[in-house]
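Colleague: okay, sequence plus prediction incoming.
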Amino acid sequence: DTEVTQTPKHLVMGMTNKKSLKCEQHMGHRAMYWYKQKAKKPPELMFVYSYEKLSINESVPSRFSPECPNSSLLNLHLHALQPEDSALYLCASSQGGQGYHNEQFFGPGTRLTVL
Amino acid sequence: AQSVTQLGSHVSVSEGALVLLRCNYSSSVPPYLFWYVQYPNQGLQLLLKYTSAATLVKGINGFEAEFKKSETSFHLTKPSAHMSDAAEYFCAVSGSGGYQKVTFGTGTKLQVIP
């Protein structure tokens, strides 16, 4: 199974809502990533988890809160978002560990619209 | 710091013509280089990767790329474009091992004209 799955596919939320994005992989990868992608732009790294520990936080606002319950799951909790947070949110995973190439496998993304 | 530059935000080719998408990298150490493709409203799919094993890298869907250290380039080519190749293509660079950050280029949108 070389697939990364993300739910939901689409999400519309108000600025006062709390919602969560979910990501799952069953490739035995130990590194998982959240990216944000605005239209006509490359993905921007938000967070990296390595062996279930937060390893990189790219100065993301606290209204985004990541969580890695286990090696297969990655969540992104959303609270009090702004309209400019509307974007495609991509999850990815890679083998992780020293000596492994950083080929990342991407999920299909969640299209988030903040009203 | 590592970075990649993609020349040309839009490239148009006729169906059956050669596809050439340009990528130049900047890295103080031997880089790991990737090409990803993104179809509309989808995630990114890895086309190919360079990891220093061979300078000419073959990928999926008939694409290949050549690593040229003297030119700091990693251009993507395909001999004959197909309508299904129309998509956004991203060149990317990373360090080695673990969870090193991957830095993407700004992307090139490929249009294939019938």
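Modeller: Cool, the structure landed.
Colleague: for chain A, just list every one of the strands.
Modeller: For chain A, applying DSSP state E gives strands covering A:4-7, A:10-13, A:18-25, A:31-37, A:44-50, A:53-57, A:64-70, A:73-79, A:87-94, A:105-106, A:110-114.
Colleague: and for chain B?
Modeller: Using DSSP E, strands in chain B cover B:3-7, B:10-14, B:19-26, B:32-38, B:44-50, B:56-58, B:64-68, B:73-78, B:87-94, B:102-104, B:108-113.
Colleague: right, and B:Leu46 touches B:Tyr32 too?
Modeller: No: applying CB atoms under 8 Å as the test, B:Leu46 and B:Tyr32 come out as separate, 11.9 Å apart. (Glycine included, C-beta is placed from N, CA and C.)
Colleague: about what we covered before: where among the strands of chain B is average confidence lowest?
Modeller: Ranked by mean pLDDT, those end with strand B:102-104 at the bottom, a mean of 88.
Colleague: residues from chain B in reach of chain A?
Modeller: B:32, B:34, B:36, B:41-46, B:49, B:51, B:90, B:94-102, B:104-107 (CB under 8 Å from any CB of the partner chain).
Colleague: among those residues, the buried ones, what's the ChimeraX command?
Modeller: In ChimeraX, a selection of the buried entries from the residues of chain B next to chain A looks like this (16 or more other CB atoms under 10 Å in any protein chain shown):
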select /B:32,34,36,42,43,44,46,49,51,90,94,95,96,98,99,100,101,102,104,105,107
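Colleague: for the strands of chain A, give me JSON lines that also has mean neighbour count and distance to B:Ser14.
Modeller: JSON lines is the format used below for these (neighbours: other CB atoms under 10 Å in any protein chain shown; distance: least, CB to CB, whole Å):
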{"stretch": "strand A:4-7", "mean neighbour count": "18", "distance to B:Ser14": "35"}
{"stretch": "strand A:10-13", "mean neighbour count": "14", "distance to B:Ser14": "35"}
{"stretch": "strand A:18-25", "mean neighbour count": "19", "distance to B:Ser14": "39"}
{"stretch": "strand A:31-37", "mean neighbour count": "24", "distance to B:Ser14": "29"}
{"stretch": "strand A:44-50", "mean neighbour count": "20", "distance to B:Ser14": "34"}
{"stretch": "strand A:53-57", "mean neighbour count": "13", "distance to B:Ser14": "43"}
{"stretch": "strand A:64-70", "mean neighbour count": "15", "distance to B:Ser14": "44"}
{"stretch": "strand A:73-79", "mean neighbour count": "18", "distance to B:Ser14": "42"}
{"stretch": "strand A:87-94", "mean neighbour count": "24", "distance to B:Ser14": "30"}
{"stretch": "strand A:105-106", "mean neighbour count": "20", "distance to B:Ser14": "30"}
{"stretch": "strand A:110-114", "mean neighbour count": "18", "distance to B:Ser14": "32"}
